[in-house]
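Participant: Whatever this is, show me its structure:
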Amino acid sequence: MSELVIENLHVSVGDKEVLRGFNLAMRGGEVHAIMGPNGSGKSTLAHALSAHPGYRVTEGSVRLDGEELLTLSATERARRGLLLALQQPFEIPGVRPVDLLIAAGADRDEVATRMNEEADRVGLSAKVLERFVNVDLSGGERKRAEMVQLGVLRPKFAVLDEIDSGLDVDALGAVARRLSAATSEWNCGVLAITHFRRLLVELAADVIHVVSEGRVVATGGPELAEELERSGYEPFRVAH
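Facilitator: Model (predicted):
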């Protein structure tokens with residue numbers, strides 16, 4: 001079974017160190033949720049994992065099945081089995097979804113058929129996938145389109161940066177159901193970054209991690225999300 005290990009990760013944005021020794025390990029088929037207040041480093045983790053050029057890793061390791069990812073480009077990381085779904089998916093004018101998926105490693109002969117099948121599963125019109133990537137799509141359409149990417153590419157791990165942001169109840173349910181199915185269909189590991197427990201009502205998490213000041217400060221089961229809903233993040237905050 002696949003394993004993703006993040007060890008002592010330090011990441012800076014400009015002159016500011018945001019992640020300060022972040023540690024996390026998970027296996028394929030598991031759902032882990034990362035929760036924490038604004039500015040705690042949750043989205044910085046997602047961008048660092050995706051090789052975003054504005055996020056500088058100064059120390060630490062990220063290994064997928066024992067292979068170091070930090071030395072690889074974003075495309076190479078995707079081909080190794082890491083998928084990132086951003087809070088605000090980028091528009092890519094001039095690039096069709098089918099071309100993006102082929103570049104990420106999808107089978108050229110099967111990709112169109114697979115895209116249509118996955119679009120049907122998440123309630124997305126196949127015509128949307130004929131447009132350029134995310135151009136003129138609503139927030140819900142963009143998130144459903146990312147689930148199409150997940151279903152076609154079948155990554156080992158999917159990192160979701162506040163994928164519930166801006167979703168209505170129907171779209172959230174469609175996204176959560178596809179993610180849940182992925183954990184059993186091919187043992188996809190799901191790392192969901194979220195502010196709100198509502199995603200976890202739809203997507204059952206095995207493990208909850210609370211992040212403060214750039215590192216994990218508490219780890220527990222689903223009951224930890226319930227505690228956060230009652231008490232907020234204040235009991236988990238740490239000083240600089």
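
Participant: Let me see the residues that make contact with the lowest-mean-pLDDT helix or strand in the chain.
Facilitator: Ranked by mean pLDDT, DSSP states H and E, the weakest helix or strand in the chain is helix 198-202, scoring a mean of 85. Helix 198-202 is touched from outside by 33, 163-164, 172-173, 175-177, 192, 194, 208, 222, 225, with contacts defined as C-beta atoms under 8 Å, 6 or more residues apart in numbering. Where C-beta positions appear, they are placed from N, C-alpha and C, glycine not excepted.

Participant: send the alpha carbons of it over as CSV?
Facilitator: Extracted in CSV, the C-alpha atoms of helix 198-202 (Å, rounded to 0.1, in the frame of the first residue of the first chain):
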residue,chain,number,x,y,z
ARG,A,198,-19.4,20.2,7.2
LEU,A,199,-17.0,18.6,4.7
LEU,A,200,-16.3,15.8,7.2
VAL,A,201,-20.0,15.1,7.7
GLU,A,202,-20.0,14.1,4.0
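
Participant: That helix: what's the following helix or strand?
Facilitator: strand 207-212 (DSSP states H and E).

Participant: what pLDDT, on average, does that following strand get?
Facilitator: In this model, strand 207-212 carries a mean pLDDT of 96.

Participant: Which strands or helices does that strand pack on?
Facilitator: Applying 3 or more C-beta pairs under 8 Å, 6 or more residues apart in numbering; DSSP states H and E, we find strand 207-212 packed against strand 16-27, strand 31-35, strand 215-220, helix 223-231.

Participant: Check which helix or strand the closest residue to L49 other than its chain neighbours maps to.
Facilitator: Leaving aside its sequence neighbours, L49 sits nearest to V159 (C-beta to C-beta, 6 or more residues apart in numbering; 5.6 Å). Assigned by DSSP H and E, V159 belongs to strand 157-161.

Participant: now the helix or strand following that strand: mean pLDDT?
Facilitator: Following strand 157-161 in sequence order, the next helix or strand is helix 169-185 (DSSP H and E). Averaging pLDDT along helix 169-185 gives 94.

Participant: can you give me the angle helix 169-185 makes with strand 157-161?
Facilitator: 160 degrees (axes from the mean of the first three to the mean of the last three C-alpha atoms, to 10 degrees).

Participant: returning to that earlier point: is it possible to mark the buried ones in the contacts of helix 198-202?
Facilitator: Among those, those classed as buried by neighbour count (16 or more other C-beta atoms under 10 Å) are A33, I163, D164, L172, G173, V175, A176, R177, A192, T194, I208, A225.

Participant: ok, how many other residues are close to the residue nearest to the third one when sequence neighbours are not counted?
Facilitator: When you say that, I think you mean D164. Leaving aside its chain neighbours, D164 sits nearest to L199 (4.1 Å; criterion: C-beta to C-beta, 6+ apart). L199 has 25 neighbours, counted by other C-beta atoms under 10 Å.

Participant: just checking, next helix/strand downstream of the strand or helix carrying I102?
Facilitator: Using DSSP H and E, I102 maps to helix 97-103. As assigned by DSSP H and E, the chain's next helix or strand after helix 97-103 is helix 111-121.

Participant: Going by neighbour count, which residues of that next one are buried?
Facilitator: V111, A112, R114, M115, E118, A119, R121.

Participant: From the contact counts, what lies against that helix?
Facilitator: helix 97-103, helix 139-153.

Participant: and if we set it to 10 Å?
Facilitator: On a contact count with 3 or more C-beta pairs under 10 Å, 6 or more residues apart in numbering; DSSP states H and E, helix 111-121 meets helix 97-103, helix 139-153, helix 169-185.
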